[in-house]
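J.: Have a look at this fold, sequence not included:
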């Protein structure tokens, strides 16, 4: 029987592999790290890591009723998530780069965390990914509570490690980027985030 450490390491790899692909959350993390600093970028990623851990727990503990309900409402969730992405994208487009660099207040920190937590929870592909991965690796039927718990802790740790690396690496470039270039970055990242939101909404209507 695999040890608890083995489950933790498997969760670590799964969390890292799910977080690493660049998508709307990655764009938000990069943009906020550049505009508002490493802490805001890190909290942006940790919001997603927390949601990953929540969905990882649903899959690891075999909460079929919860996962079934989430899948049943995946269209509504995709619409909410897509609309929220469009909102964040528009805010990025019209944002003031000079103001952003000075806005590291506690309210901004809480908003950075909460926004990506909600975004990740409203992405129905997240829970489907965890269910498929755990089932494929035979992890959905882990005995007891200790092994699934270590699996979930590993998922959060792996996801959080990626966001720490991304926010830290990106923030190192912050001092070299002028306000003018930050405005260009806002335009590009905001447009891409809106595009992700429109795609999510369009996909939801095709279901």
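T.: Yes, it's here. Because the structure is predicted, anything quoted here is derived from the model rather than measured.

J.: Could you list the low-confidence segments of the protein?
T.: Low-confidence segments of the chain, defined by pLDDT under 70: 1-2, 63-71, 95-107, 124, 135-144, 178-179, 206-207.

J.: now the helices for this protein?
T.: In the chain, the helices defined using DSSP state H lie at 4-19, 24-36, 38-60, 64-72, 74-94, 97-100, 106-121, 124-136, 146-171, 179-205.

J.: Now tabulate those helices in JSON lines and tack on mean neighbour count.
T.: Every C-beta, even on glycine, is put in place using the N, C-alpha and C of the backbone. JSON lines is the format used below for these (neighbours: other CB atoms under 10 Å):
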{"stretch": "helix 4-19", "mean neighbour count": "20"}
{"stretch": "helix 24-36", "mean neighbour count": "25"}
{"stretch": "helix 38-60", "mean neighbour count": "24"}
{"stretch": "helix 64-72", "mean neighbour count": "13"}
{"stretch": "helix 74-94", "mean neighbour count": "18"}
{"stretch": "helix 97-100", "mean neighbour count": "15"}
{"stretch": "helix 106-121", "mean neighbour count": "18"}
{"stretch": "helix 124-136", "mean neighbour count": "18"}
{"stretch": "helix 146-171", "mean neighbour count": "21"}
{"stretch": "helix 179-205", "mean neighbour count": "17"}
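
J.: and residue 91, how far is that from residue 85?
T.: 11 Å (CB to CB, to the nearest Å).

J.: Residue nearest the middle of the protein, spatially speaking?
T.: With distances taken as CA atoms, centre = their mean, residue 48 lies nearest the centre of the chain, 3.0 Å away.

J.: In contact with that residue, which residues?
T.: Neighbour list for residue 48: 19, 25, 116, 117, 119, 120, 159, 163 [criterion: CB atoms under 8 Å, 6 or more residues apart in numbering].

J.: And the second one, how far from residue 199?
T.: As judged by CB to CB, residue 25 and residue 199 stand 14 Å apart.
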